[in-house]
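A.B. asks: what's the 3D shape of this:
(one chain, ligands or ions: 1)
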Amino acid sequence: MPVVVVAAEPGALTVDLSRVALIIIDMQRDFLEPGGFGAALGNDVSLLARAIAPCRRILDAARAAGLLVIHTREGHRPDLSDAPPAKVQRGPADKRIGTEGPMGRILIRGEAGHDIVPALAPLPGEPVLDKPGKGAFYQTDLDLMLRNRNVETLLVCGVTTEVCVHTTVREANDRGYRCLVLADACASYFPEFHEVGLRMIAAQGGIFGWVSTTEKVLPALARAGGTGPESLRIRDE
Ligand code: C5J
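C.D. replies: Numbers count the residues shown, from 1 in each chain. Reported below is the predicted structural model:
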């Protein structure tokens, strides 16, 4: 697999494609689809839906390049035994975790709204990580899976930028991973939080990681199949 250089903020990142995983955070129907939990809370879900197509492009490229692809879903067991009361007892009483929502019980595993949107449906063999928290490392085996595969760089996309994407990037950064966040493949119900969230990642020399776009990363991934621009290649391993 080649080692490539990817244009990013705060500076270009050298990436060994043999040690990269793509992680797609919480692209779940309840957050993204009209008629779901997010919409029921009064959010404009079209702001999140705009990340679906960029996620799909990077997903297709990662699959073609043979990268490890990990999908996450935020949600809880039906008996709520893994849901902290402090998390459950929040928000309007009829729209809390576990109550009946428009697409089944809100944030409960196995319910229709908890599932990943059809455009980004995991393929057999791609790990789907059910996480009880905002961060994908908290109470999951993600770190173990990444270390077993010798992963050092995470391509991160999904929703929402300032909540589950940000928490995961912070967790990953503290564990020694390099995070390359794809700005157009992330989204928030609050565009200003999206913008500032991305700036926070790349600020101070990349305090949490790097920020790039699918347009800049796709040619680098294509190098794994030998078709991307030669100029991006540093060396083959
Ligand atoms: C995620 C949330 N996935 N905003 N959850 O960001 O509650």
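A.B. asks: what about the strands in this protein?
C.D. replies: 2-6, 13-16, 20-25, 68-74, 100-101, 104-105, 128-131, 153-159, 178-187, 210-212, 233-236 (DSSP state E).
A.B. asks: Show me what the longest one pairs with in its sheet, parallel or antiparallel.
C.D. replies: Same thing as strand 178-187. strand 153-159 (parallel), strand 210-212 (parallel) (DSSP bridges).
A.B. asks: And the first one, by the same measure?
C.D. replies: According to DSSP bridges, strand 2-6 has the following sheet partners: strand 13-16 (antiparallel), strand 233-236 (antiparallel).
A.B. asks: hey, least reliable of those strands by pLDDT?
C.D. replies: Mean pLDDT per stretch puts strand 233-236 lowest among the strands paired with strand 2-6, at a mean of 64.
A.B. asks: since we're on the nearest residue to residue 57 once chain neighbours are set aside, how many residues are nearby?
C.D. replies: Nearest residue to residue 57 in three dimensions, chain neighbours excluded: residue 214, at 5.4 Å (CB to CB, 6 or more residues apart in numbering). C-beta coordinates here come from the backbone N, C-alpha and C atoms, glycine included. Residue 214: 21 surrounding residues under other CB atoms under 10 Å.
A.B. asks: Can you pull the residues of the chain lying near the ligand?
C.D. replies: 26, 74, 159-160, 163-164 (CB under 6 Å from any ligand atom).
A.B. asks: which strands and helices sit next to the helix ranked longest in the chain?
C.D. replies: Counting residues, the longest helix found in the chain (DSSP state H) is helix 191-206. The contact analysis (3 or more CB pairs under 8 Å, 6 or more residues apart in numbering; DSSP states H and E) places helix 191-206 against helix 166-174, strand 178-187, strand 210-212.
A.B. asks: Can you give me the buried ones in the first one?
C.D. replies: Buried residues in helix 166-174, counted by 16 or more other CB atoms under 10 Å: 166-173.
A.B. asks: nearest to residue 52, of those?
C.D. replies: Closest approach between the buried residues of helix 166-174 and residue 52, by CB to CB: residue 168, at 18.7 Å.
A.B. asks: State whether that closest one and residue 157 are indeed in contact, as I suppose.
C.D. replies: No. At 10.7 Å, residue 168 and residue 157 do not qualify as touching, with contact defined as CB atoms under 8 Å.
A.B. asks: Check the contact lists of these two and give me the overlap.
C.D. replies: Residues touching both residue 168 and residue 157 by CB atoms under 8 Å, 6 or more residues apart in numbering: 23, 25.
A.B. asks: hang on, the earlier thing: tell me which of the strands paired with strand 178-187 is the most buried.
C.D. replies: Mean neighbour counts were compared across the strands paired with strand 178-187 using mean count of other CB atoms under 10 Å; the top stretch is strand 153-159, at a mean of 26.
A.B. asks: okay, how far is it across stretch 65-82, tip to tip?
C.D. replies: 36 Å (CA to CA, to the nearest Å).
A.B. asks: starting at the chain centroid, how far to it?
C.D. replies: 11 Å (CA atoms, centre = their mean, to the nearest Å).
A.B. asks: same question, stretch 25-40
C.D. replies: Distance of stretch 25-40 from the chain centroid (CA atoms, centre = their mean) equals 15 Å.
A.B. asks: What residues sit buried inside it?
C.D. replies: For stretch 25-40, by 16+ other CB under 10 Å, it's 25-33, 36-40.
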